[in-house]
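> generate coordinates for the sequence data below:
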Amino acid sequence: MRGRGRAIAGNPVLIGAATVLVVIVAVVLSYNANQGLPFAPAYRLEAETPSAANLVVGNEVRIGGARVGTVDSITVRRRDDGTNVAVLGLKLERAVAPLPRDSTVLIRPRSALGLKYVQVTRGTSRRGFADGDTIPLANARPAPVEFDDFLDTFDARTRAAVQGNLRGLGDGFAGRGEGINAAIGSFRPLLRDVIPVARTLAAPATGLDRLVVELADATRILAPVAVTQARLFANLDTTFGALRRVRPALQAGIAGAPPALDAAIRNFPRQRPLLARAEGLFRDLRPGARALRAGAGDLAGALTTGTPTLRRTPPFNDRLASLLTSVQGVADDPQARAGIRRLTETANALRPTLDYAAPAQTTCNYAALLFRNAASLLSDGDTTGTWQRFIIIPTPLGPNNEGSPSSAPANGPLESNHLHTNPYPHTAAPGQPKECEAGNEPFQRGRTVLTNPAGTQRATTETTPATGGGTR
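This next block holds a predicted model:
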C-alpha cells in the first residue's frame, strides 16, 4: 500500500489530471452559483406580475432581506381579457415551503444601477402554495418609484422652472441679510409654539390629508381660470386705490357697523312676525291686484268723483257725532247689552234651523211656490166654487188604501194602490245633495216608495203670466 501511494504521488500525469478536474468543478460551481447548488432539491413556484420591470434570469428572491432563491425563468402569458402579464419562475429553497397563499410579490431595485430582486412578503394564511403552483396576479404589488423614474421628472421644462425659482429666491434674499437674521432669531418662539399646532395637524381627526387632496382638486379646477383670477387681483387693486380716497368715510361706517348689527340682532326677531303677516297680506292681495288691471279706469273715475265728496265729509261727520253719541249711550246701557246677548243666543239657536230652511227657499224657491199655489187653490174654480171647497179626490181600491185606517203602507195588489211618500225630501240642506227633490220625484207605477228616490232629481222652471216663473 505504501508503495502504491508513493507511485500516485510521484506520477505527474495523475497529479495534473486531478488538478484539471478540480478546476473544472470549481468553474461549473461558480458559473451556476446564482442558480443554486446542482442536484439540490428546490421549491418551485410561478408568480404573475403586471411587468417584469427589467428583471433578468438569475436575480435574487428575498424574504425578510435574506436570499431564499433565484428567478429561474421569465415568460409572457396572455390572459382571457386580452392583457399580458409577466410570469416569473421562482426557484426557492425547500426551507421556505409552503409559502402562505396570502403572500405578496414585489419587484424592487437592488442598487441605483438598475439591478433588481424579487421581494416576497410571507402572509399569515394557514393554506400554502404547493410545489409548482402559480402565485396569482392579485398578490402582486405595484412597483415602487424607481430611481430613473425620479430622475425623469426633471425634464427640460422642470429644470427651467427650478432655475427660475432659484433665481427668484436669490433676488428676493439679496440685500436682506439683517432681516433674515432677525427672522431666524424669531424662529425659536415660533418653533416652541408650533409644536401643539403640528400635533393637532398630525391628529387623524384633523383630516389634513383630505384637506391636501381637496386643495389639489381646487387648484386643478381653478387652473383654467388662472388668467381671470390674475385680472381680478389687478382690478381689485384699482378698486382699493379708489377706496383709499374715501377712507375716513369707510372707517366711520365700519365703526358704526357693530352698534347697527347689535340693534339688528335685537329688533329683527321682533320684526319677523310682522314680516310674516305682511307676506301673507300681500299674497292675499295678489288676486285683487290682478283684478285691478281691468277696473283701474273705473277706480280713477271714482277717485275723481270722490275727492269733492270727501271734502264735504267733515260737516257731515260733525252732524253724525250726535248720532254716534246716542248710539254709544245705548251701547253702554246694561239692558241693551242684555238684549243683544239674548238676540245673539236666539240667532245661535235659530242657526241650525236656518241652515236647513234657507236652501229650501234660496235654492228651491219652496216658500214662494207654497204661497202661489195656496192662493191659486183658494181663488181658482168655476160656478160651483173654488177647487178647495168642492173638488173630490178618489182614493184607490185595495187593502190599506188611503181612504180608511191601515195596518201598513198600501202595497197593491192593484197598480194604483201603492203609497208614494217622501217625508224628508232633499232641499239642498247641509249634508244633502244639491237638489230640489220635493215635487220633482219620478212617479214609479206599481211600486211602493217610502223614502228618497234614487239619483239626483233635476229642478224644473215653471213660467206663468202672473208671476213670471218659479223654480221648484
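
> which helix is the longest one in the chain?
Ranked by residue count and defined by DSSP state H, the top helix of the chain is helix 247-311.

> what's the mean pLDDT across that helix?
Average pLDDT, helix 247-311: 86.

> could you do stretch 209-218 as well?
On average, stretch 209-218 scores 89.

> in it, what's buried?
Across stretch 209-218, burial judged by 16 or more other CB atoms under 10 Å covers no residue at all. (C-beta placed from N, C-alpha, C; glycine too.)

> centre of the chain to the longest helix of the chain, how far?
35 Å (CA atoms, centre = their mean, to the nearest Å).

> now the helix or strand that comes right after that helix against helix 247-311, angle please.
The helix or strand immediately downstream of helix 247-311 is helix 313-332, counting by DSSP states H and E. Relative orientation of helix 313-332 versus helix 247-311 (axes from the mean of the first three to the mean of the last three CA atoms, to 10 degrees): 80 degrees.

> figure out how far helix 313-332 is from the centre of its chain.
64 Å.

> now what about that helix, what contacts it?
336-337 (CB atoms under 8 Å, 6 or more residues apart in numbering).

> next, the buried residues of stretch 96-108.
Per 16+ other CB under 10 Å, stretch 96-108 contains these buried residues: 96-97, 99, 103, 105-107.

> what segments of this protein are helices?
Going by DSSP H, the chain shows helices at 2-9, 12-31, 147-152, 156-173, 177-202, 208-222, 226-243, 247-311, 313-332, 334-362, 366-379, 387-390.

> mean neighbour count, those: which tops it?
helix 366-379 (a mean of 14; mean count of other CB atoms under 10 Å).

> just the CA trace of that helix, in CSV.
The C-alpha trace of helix 366-379 is given here as CSV (Å, rounded to 0.1, in the frame of the first residue of the first chain):
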residue,chain,number,x,y,z
TYR,A,366,-140.4,76.4,-2.0
ALA,A,367,-141.9,79.3,0.1
ALA,A,368,-142.9,81.3,-3.0
LEU,A,369,-144.3,78.3,-4.6
LEU,A,370,-146.3,77.4,-1.5
PHE,A,371,-148.0,80.8,-1.3
ARG,A,372,-148.6,81.0,-5.0
ASN,A,373,-150.2,77.5,-5.1
ALA,A,374,-152.2,78.2,-1.9
ALA,A,375,-153.6,81.4,-3.5
SER,A,376,-154.5,79.6,-6.7
LEU,A,377,-156.2,76.8,-4.7
LEU,A,378,-158.4,79.2,-2.8
SER,A,379,-159.2,81.5,-5.7
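
> coming back round to it: now, the buried residues of stretch 96-108 that are in strands?
Within the buried residues of stretch 96-108, residues falling in strands by DSSP state E are 99, 105-107.

> pick out whichever of these sits closest to Asn401.
Distances from Asn401 to these, taken as CB to CB, are shortest for Val105 (112.9 Å).

> hmm, back to that, of all the buried residues of stretch 96-108, which two lie farthest apart?
Longest span within the buried residues of stretch 96-108, CB to CB: Ala97 and Ile107, 21.7 Å.

> show me where pLDDT drops low in the protein?
For the chain, the stretches with pLDDT under 70 are 1-11, 13-15, 23, 25-40, 112-113, 143-150, 383-393, 463-472.

> on that earlier part again, so which of the helices of the chain is nearest Thr83?
helix 147-152 (22.0 Å).

> about what we covered before: do you know which of the helices of the chain lies nearest Leu397?
Of all the helices of the chain, helix 387-390 sits nearest to Leu397, with 22.8 Å by CB to CB.

> which strands and helices lie in contact with the longest helix of the chain?
In terms of contacts (3 or more CB pairs under 8 Å, 6 or more residues apart in numbering; DSSP states H and E), helix 247-311 is not packed against any helix or strand.

> how about the contacts made by the closest residue to Thr121 other than its chain neighbours?
The spatially closest residue to Thr121, leaving aside those adjacent along the chain, is Thr104, at 4.8 Å (CB to CB, 6 or more residues apart in numbering). With contacts defined as CB under 8 Å, 6+ apart, the neighbours of Thr104 are 120-121, 123, 139-141.

> how about 7 Å then?
Contacts for Thr104 (CB atoms under 7 Å, 6 or more residues apart in numbering) come out as 121, 139, 141.

> since we're on Val118, how many residues are nearby?
23 (other CB atoms under 10 Å).

> check Ala42 too.
Using other CB under 10 Å, Ala42 is surrounded by 18 other residues.

> I figured it hits Lys91, correct?
Yes: the pair Ala42 / Lys91 is scored as a contact, 4.9 Å apart, by CB atoms under 7 Å.

> show me what counts as buried in stretch 412-428.
Under the neighbour-count criterion of 16+ other CB under 10 Å, stretch 412-428 has 417-420, 425-428 buried.

> domain parsing of the protein, as residue ranges.
Structural domains annotated on the chain: 37-147, 363-401+408-472, as defined by automatic domain parsing.

> dump the helices of the chain into JSON lines; add distance to Arg67 as well.
Shown next, in JSON lines, are the helices of the chain (distance: least, CB to CB, whole Å):
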{"stretch": "helix 2-9", "distance to Arg67": "41"}
{"stretch": "helix 12-31", "distance to Arg67": "17"}
{"stretch": "helix 147-152", "distance to Arg67": "22"}
{"stretch": "helix 156-173", "distance to Arg67": "38"}
{"stretch": "helix 177-202", "distance to Arg67": "38"}
{"stretch": "helix 208-222", "distance to Arg67": "37"}
{"stretch": "helix 226-243", "distance to Arg67": "53"}
{"stretch": "helix 247-311", "distance to Arg67": "74"}
{"stretch": "helix 313-332", "distance to Arg67": "116"}
{"stretch": "helix 334-362", "distance to Arg67": "106"}
{"stretch": "helix 366-379", "distance to Arg67": "117"}
{"stretch": "helix 387-390", "distance to Arg67": "135"}
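
> Asp133: which of the ones you listed is closest?
helix 12-31 (29.5 Å).

> burial count for the nearest residue to Gly69 once chain neighbours are set aside?
The shortest distance from Gly69 to any non-neighbouring residue, by CB to CB, 6+ apart, is to Leu92 (3.6 Å). For Leu92, the count of nearby residues is 21 (other CB under 10 Å).

> quick check: Leu92 vs Gln119, distance?
Distance of Leu92 to Gln119, given as CB to CB, to the nearest Å: 13 Å.

> same deal with Val57?
17 Å.

> more neighbours: which of these two?
Gln119 (18 against 13).

> dig out what that one forms beta bridges with.
Taking DSSP bridges as the rule, Gln119 bridges to Arg62, Leu106.
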